[in-house]
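Q: All I have is the shape, not the residue letters:
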């Protein structure tokens, strides 16, 4: 693995805050830090192609303390001073630099690799060519328990003019509502969905078979979305102006309201370059098997798992379904993956917004400061981009000595070097 030396870029801007006449005044430090911590670059292969690269990890962080305001004030004397106020107390203004080396950086990278590895199997199963399009086998098995007809509340025996009143009486029974919702969500909705998938496949089966034949022996790039989540959380608070605004006199009245908005985005996706080899695409035996695979009627471990009671519940908390799918045959034979990566982008933005109204005071020559209304903000942003995987034809962490004779024969048939298995 060719890991380049970590590189980083730091930018910072200091701004004085507090009393302008104070020689020991403090400073706000707006900063951004971008660190490329792990990267395996592309390089030329003996056949002239590019390697495809390897692991990648970059971390960006920034702190922006927003605007400050300058205002005059006077306390217990005729001399007028000038002060500045800004958001200071909500976050430590000292830059929290991203670790680029040492045990902490290694721990961060190890945790990210664990996250990516947990998604690899699901991504591979979703992206590989030849997957079943319909679930006819499971559909036929489940016909023995057809979903019940949606509850009508006995409308057939009620005069038409009394239907509205009767339906209101039915809807008031929450037990009926709950059971009908489950009947729709886990009964009729998947039942109708399976029917639509089988009908659409029946219309396009010849086109799909022709595509499989056309792509036999070729390299195919595939992508699958695994996670696409967005969250937004808002918290509100109130207090005195000096509670969050540094540099403002605490004397006098007024109020301040603070709003904390946190937005988190996460995207995880799988990319891979596949290749399969079907020795005889004109064979009637392969043709029948491929069609059965597309309709989902081959007796595979995946089909047996799906018809087991409560397997859907286990899949909710684990990847057992993906595990059985990985070892199940589909419409193509001798499948390998020239490279496969799990890509992840995580971004968090936290904004502290303070709206303050500080009552002024005019009592010369002892004290003076103006009535001031202003809004301050602090924005924190963190972003992580990473890639994990490589060019192993049979998945992550597969060693050459663990390959079977059949797998070695696949490498030879497709002209893939054994050195790719590492």
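A: Received it, and whenever you're ready, just let me know what you need. All figures in this text were calculated on a predicted structure; none of them were measured in a lab.
Q: And the next helix or strand past the helix or strand of the chain with the lowest mean pLDDT?
A: When the helices and strands of the chain are scored by mean pLDDT, DSSP states H and E, helix 174-183 comes last with a mean of 52. Moving toward the C-terminus from helix 174-183, the next helix or strand (DSSP states H and E) is helix 189-214.
Q: Give me the buried positions along the next helix or strand after that following helix.
A: Towards the C-terminus, the helix or strand next in line after helix 189-214, according to DSSP H and E, is strand 220-239. Residues of strand 220-239 classed as buried under the neighbour-count rule (16 or more other Cβ atoms under 10 Å) are 220, 222, 224, 226. C-beta here means a position set from N, CA and C on the backbone, and glycine is covered the same way.
Q: quick one: strand 220-239 to helix 189-214, angle?
A: Put simply, strand 220-239 runs at 140 degrees to helix 189-214, going by axes from the mean of the first three to the mean of the last three Cα atoms, to 10 degrees.
Q: Show me what strand 220-239 is packed against.
A: helix 103-127, strand 254-275 (3 or more Cβ pairs under 8 Å, 6 or more residues apart in numbering; DSSP states H and E).
Q: Which strands or helices does the last one pack on?
A: In other words, strand 254-275. In terms of contact count using 3+ Cβ pairs under 8 Å, 6+ apart, strand 254-275 is assigned the packing partners helix 103-127, strand 220-239, strand 336-358.
Q: deepest of those, which one?
A: Among these, judged by mean count of other Cβ atoms under 10 Å, the one packed with the most neighbours on average is strand 336-358 (a mean of 20).
Q: could you give me the average pLDDT of the helix or strand following that strand?
A: From strand 336-358 onward toward the C-terminus, using DSSP H and E, the following helix or strand is strand 361-363. Looking at strand 361-363 alone, the average pLDDT works out to 81.
Q: averaging pLDDT over each of the helices and strands packed on strand 220-239, which comes out lowest?
A: Mean pLDDT per stretch puts helix 103-127 lowest among those, at a mean of 85.
Q: Let me know the angle separating that one from strand 336-358.
A: In terms of direction (the same axes, to 10 degrees), helix 103-127 departs from strand 336-358 by 120 degrees.
Q: What lies in contact with helix 103-127?
A: 6, 37-38, 55, 57, 59, 99, 131, 222-224, 226-227, 268-272, 274, 319, 322-323, 325-326, 337, 340, 342, 344, 384, 386-389, 395-396 (Cβ atoms under 8 Å, 6 or more residues apart in numbering).
Q: angle of it against strand 254-275?
A: Using the same axes, to 10 degrees, the inter-axis angle of helix 103-127 relative to strand 254-275 is 60 degrees.
Q: In the stretch 101-250 of the chain, where is pLDDT below threshold?
A: Low-confidence segments of the stretch 101-250 of the chain, defined by pLDDT under 70, span residues 137-191, 193, 242-250.
Q: same thing but at 90, please
A: Under the criterion pLDDT under 90, the flagged ranges of the stretch 101-250 of the chain are 101-121, 130-206, 217, 219, 237-250.
Q: Look up how far residue 66 lies from the closest residue in space to residue 356 that isn't next to it in sequence.
A: Leaving out its chain neighbours, the residue that sits closest to residue 356 by Cβ to Cβ, 6 or more residues apart in numbering is residue 256, at 4.0 Å. For residue 256, the distance to residue 66 under the criterion Cβ to Cβ, to the nearest Å works out to 15 Å.
Q: so can I have TSV of the helices and strands packed on strand 254-275 showing distance to residue 366?
A: Compiled in TSV, the helices and strands packed on strand 254-275 are given as follows (distance: least, Cβ to Cβ, whole Å):
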stretch	distance to residue 366
helix 103-127	54
strand 220-239	27
strand 336-358	18
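Q: among the ones you listed, which is nearest residue 303?
A: Proximity to residue 303 (Cβ to Cβ) singles out helix 103-127 among the helices and strands packed on strand 254-275, at 14.1 Å.
Q: returning to that earlier point: just the buried subset of the contacts of helix 103-127, please.
A: Using 16+ other Cβ under 10 Å as the burial test, the contacts of helix 103-127 include 6, 37-38, 55, 57, 59, 99, 131, 222, 224, 226, 268-272, 274, 319, 322-323, 325-326, 337, 340, 342, 344, 384, 386-389, 395-396 as buried.
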